[in-house]
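Asks: have a look at this prediction, sequence included:
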Amino acid sequence: MTVTDAPPAAAAVGGTVLEASGVTMRFGGLLAVNNVNLTVREGEIVGLIGPNGAGKTTFFNCLTGLYKPTSGQVRFAGVPRKAPKPPKRKRVKKAPSAAAVDAVTVAVQVPSLPKLSPLPPKPRAVVRAGMARTFQNIRLFANMTALENVMVGRYSRTSAGAITSVLRGPKFRREEAATRARAQELLDFVGLGKSTEHLARNMPYGDQRRLEIARALATDPKLILLDEPTAGMNPQETKQAMDLIFKIRDLGLSVVVIEHDMRFIFTLCDRVLCLVRGETLVEGTPGEVQSDPRVIEAYIGSGEDDDEDDDGPQDVVEEAKP
Ligand SMILES: Nc1ncnc2c1ncn2[C@@H]1O[C@H](COP(=O)(O)OP(=O)(O)OP(=O)(O)O)[C@@H](O)[C@H]1O
């Protein structure tokens with residue numbers, strides 16, 4: 001596909017779904033995101049681009065509430081987003097005596113554990129608000145089937161409590177059947193209708209990415225945020241991913257997408273925001289952004305566009321010239 005291929009007609013854009021104003025995020029002395037504004041309207045596809053380390057994922061994490069911005073505000077459906085509360089600390093028992101500690105230390109030599117990355121927030125809080133996301137690194141339940149993975153996403157919308165689930169009463173069985181049916185419907189929607197019983201870990205890479213999107217859709221979001229949805233995909237899978245995002249938009253959802261593939265972004269999006277060193281460099285239509293010399297310069301300066309086969313901004317601009 002060339003950039004001059006006409007994308008499907010944009011869906012009617014509605015009211016504001018997401019509004020980020022003056023979002024700033026510091027990590028110690030590092031200013032990862034500085035005073036960034038973004039408005040996303042109903043039925044709109046917005047692209048987030050920028051060289052490596054520009055602050056795209058950090059900004060994303062502020063939008064979803066995974067991070068609490070150092071300053072600024074994010075409003076979703078008119079309501080301010082809140083970062084998840086840290087888990088309550090259990091009351092620490094009185095410290096054992098030094099002698100007791102020594103005895104245990106001698107008896108058990110515990111190997112030092114690798115440091116784990118912080119867990120994402122409890123999904124329900126973010127999901128109930130009507131926002132869903134996928135991650136740069138695929139996060140599926142590898143040993144579950146495709147159907148089960150989507151059903152897990154769906155459980156955030158079911159109401160059966162713990163006791164009903166344990167007793168497996170009629171309400172639980174009704175909800176289970178509805179969850180299963182909806183999960184199958186979503187697998188059909190993303191083009192994985194025939195992979196229902198495949199284990200996630202055995203699925204081709206492009207299918208795993210689509211499965212993640214199906215799981216995100218299972219939460220009935222108003223807005224879906226996709227972090228590098230085509231990373232590692234071949235051109236055919238990338239084209240399928242683009243068609244799928246258009247289909248999602250046609251359902252009336254809003255989409256925010258981070259992607260390094262410029263051809264993909266400029267063909268897909270209604271609007272594009274380019275971040276550089278944590279700040280907004282340019283925001284506008286794909287045509288405005290791809291022809292802005294500052295964008296090309298930012299990519300060349302970052303060394304990210306040195307490969308003559310890739311689709312950095314200047315490659316796309318050159319191709320688009322008559
Ligand atoms: N948890 C963190 N603690 C400290 N610094 C961080 C943290 N997360 C990101 N950074 C730093 O913030 C800056 C922006 O990183 P971020 O991952 O948001 O960029 P990006 O545009 O998404 O990059 P890429 O395209 O490579 O994914 C980088 O300098 C990064 O090292």
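Replies: Everything's here; your move. Numbers count the residues shown, from 1 in each chain.

Asks: around the ligand, which positions in this protein sit nearby?
Replies: Contacts of the chain with the ligand, taken as Cβ under 6 Å from any ligand atom, map to 27, 30, 32, 50, 52-58. In this view, the C-beta of every residue, glycine as well, is placed from N, C-alpha and C.

Asks: quickly list what residue 30 is bridged to.
Replies: The partner list for residue 30 in beta bridges (DSSP bridges) reads residue 27.

Asks: what's the burial count for it?
Replies: Residue 30 has 11 neighbours, counted by other Cβ atoms under 10 Å.

Asks: quick one: mean pLDDT for whichever strand or helix holds residue 46?
Replies: Using DSSP states H and E, residue 46 maps to strand 45-49. When pLDDT is averaged along strand 45-49, the result is 96.

Asks: just stretch 217-230 next, same as before
Replies: Regarding stretch 217-230, the rounded mean pLDDT is 94.

Asks: same thing with stretch 238-248?
Replies: Mean predicted confidence for stretch 238-248 is 95.

Asks: buried stuff in stretch 38-51?
Replies: By neighbour count with 16 or more other Cβ atoms under 10 Å, stretch 38-51 contains the buried residues 38, 40-51.

Asks: farthest pair in the residues you listed?
Replies: 42 and 51 (30.2 Å; Cβ to Cβ).

Asks: residue 25 touches residue 32, doesn't it?
Replies: Yes. In this structure, residue 25 is within contact of residue 32 by Cβ atoms under 8 Å, at 5.0 Å.

Asks: overlap of the contact sets of those two?
Replies: 55, 58, 278 (Cβ atoms under 8 Å, 6 or more residues apart in numbering).

Asks: what's near enough to touch the first one?
Replies: Residue 55 is in contact with 25, 32-34, 36, 275, 277-278, counting by Cβ under 8 Å, 6+ apart.

Asks: kindly recompute the last result at 7 Å.
Replies: Neighbouring residues of residue 55 by Cβ atoms under 7 Å, 6 or more residues apart in numbering: 32-33, 275, 278.

Asks: for the residue lying closest to residue 151 once chain neighbours are set aside, give its distance to the ligand.
Replies: Spatially, and ignoring its direct neighbours in sequence, residue 151 is nearest to residue 183 (4.7 Å; Cβ to Cβ, 6 or more residues apart in numbering). Distance, residue 183 to the ligand, using Cβ to the nearest ligand atom, to the nearest Å: 30 Å.

Asks: cross the shared contacts of residue 25 and residue 32 against helices and list the overlap.
Replies: Those of those mapping onto helices are residue 58, per DSSP state H.

Asks: quick one: residue 130 and residue 221 touch, right?
Replies: Yes. Between residue 130 and residue 221 a contact is recorded at 5.3 Å, counting by Cβ atoms under 7 Å.

Asks: list the residues that contact both of these two?
Replies: Residues touching both residue 130 and residue 221 (Cβ under 7 Å, 6+ apart): none.

Asks: picking that back up, of the residues of the chain next to the ligand, which pair is most distant in space?
Replies: Of all the pairs that the residues of the chain next to the ligand form, the one spanning the most space (Cβ to Cβ) is 27 and 50, at 17.0 Å.

Asks: which residues of the stretch 101-250 of the chain fall in helices?
Replies: Using DSSP state H, counting those that start in this stretch, the helices of the stretch 101-250 of the chain run over residues 123-128, 146-154, 162-167, 170-189, 205-217, 235-250.

Asks: which of those helices has the lowest average pLDDT?
Replies: helix 123-128 (a mean of 51).

Asks: distance to residue 200 and pLDDT for the shared contacts of residue 25 and residue 32 - can I get that in JSON lines?
Replies: Output for the shared contacts of residue 25 and residue 32, formatted as JSON lines (distance: Cβ to Cβ, whole Å; pLDDT from 0 to 100):
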{"residue": "55", "distance to residue 200": "31", "pLDDT": "96"}
{"residue": "58", "distance to residue 200": "28", "pLDDT": "96"}
{"residue": "278", "distance to residue 200": "35", "pLDDT": "96"}
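
Asks: within its sheet, name the partner strands of the strand holding residue 46 and how each one runs.
Replies: Counting by DSSP bridges, strand 45-49 is paired with strand 254-258 (parallel), strand 271-276 (parallel).
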